[in-house]
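Novice: Fold the following.
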Amino acid sequence: MRLILFQPDIPQNTGTLLRLAACFGLPVDVIEPCGFVFGGPPMRRAGMDYLDQVDLARHMSWSAYQALPHAGRLIVLSTKGETLLTEARFDSEDRLLLGRESAGVPQEVADAAAFRVRIPLRANARSLNVAIAGAIAVSEALRQTNGFQRLGCS
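Specialist: Numbers count the residues shown, from 1 in each chain. Prediction:
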């Protein structure tokens with residue numbers, strides 16, 4: 001399983017998600033451009049000393065990322081997702097993509113997904129913070145695939 005950050009806007013969210021990935025042993029792909037200086041003080045503050053523990057690959061664009069061979073399905077987390085997280089069935093090779101905080105993902109990225117997942121929220125709630133949404137989705141995907149045990153998490 002991999003975590004993918006598509007053109008992240010907020011360095012603190014990126015640092016938090018990289019820390020999440022380090023704690024769970026998940027590799028991360030960051031698809032640029034980012035809306036901040038990657039690795040700058042705000043991102044490092046949020047990621048703390050965990051950032052050096054992340055298996056991280058940076059890609060200059062969506063097309064550069066797409067040009068590489070990938071295992072597993074691409075699953076996009078989106079407020080417009082057709083599949084509720086509670087109904088999604090994950091596989092250990094899945095690639096979970098989180099969009100930009102300000103704009104989500106463009107249609108071309110959404111169309112590349114095997115399916116789009118939405119976290120169920122109360123009717124009057126628009127969305128969660130991207131780092132919180134990522135933590136919820138990653139946790140559910142790892143739970144379903146016995147990923148916590150497989151990754152040696154205790």
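Novice: What about residue 145, how many residues nearby?
Specialist: Look at residue 145: counted by other C-beta atoms under 10 Å, it has 18 neighbours. C-betas here are computed from N, CA, C, even on glycine.
Novice: measure the nearest residue to it once chain neighbours are set aside to residue 115 for me?
Specialist: Spatially, and ignoring its direct neighbours in sequence, residue 145 is nearest to residue 92 (4.3 Å; C-beta to C-beta, 6 or more residues apart in numbering). According to C-beta to C-beta, to the nearest Å, residue 92 stands 16 Å off from residue 115.
Novice: Tell me which helix or strand in this protein has the weakest average pLDDT.
Specialist: Within the chain, no helix or strand scores below helix 147-150, which has a mean of 83 by mean pLDDT, DSSP states H and E.
Novice: now residue 29: how far from residue 87?
Specialist: To residue 87, residue 29 is 26 Å away according to C-beta to C-beta.
Novice: what about these two, which has more around it?
Specialist: Each of residue 29 and residue 87 has its neighbours counted (other C-beta under 10 Å); residue 29 has more, 19 against 10.
Novice: Surely the more buried one touches residue 54?
Specialist: No - counting by C-beta atoms under 8 Å, residue 54 is not a contact partner of residue 29; they are 10.9 Å apart.
Novice: what ranges do the strands span in this protein?
Specialist: Secondary structure of the chain by DSSP state E: the strands cover 2-6, 28-31, 56-59, 74-77, 83-84, 95-98, 115-118.
Novice: Next, count neighbours for residue 120.
Specialist: Residue 120 has 9 nearby residues by other C-beta under 10 Å.
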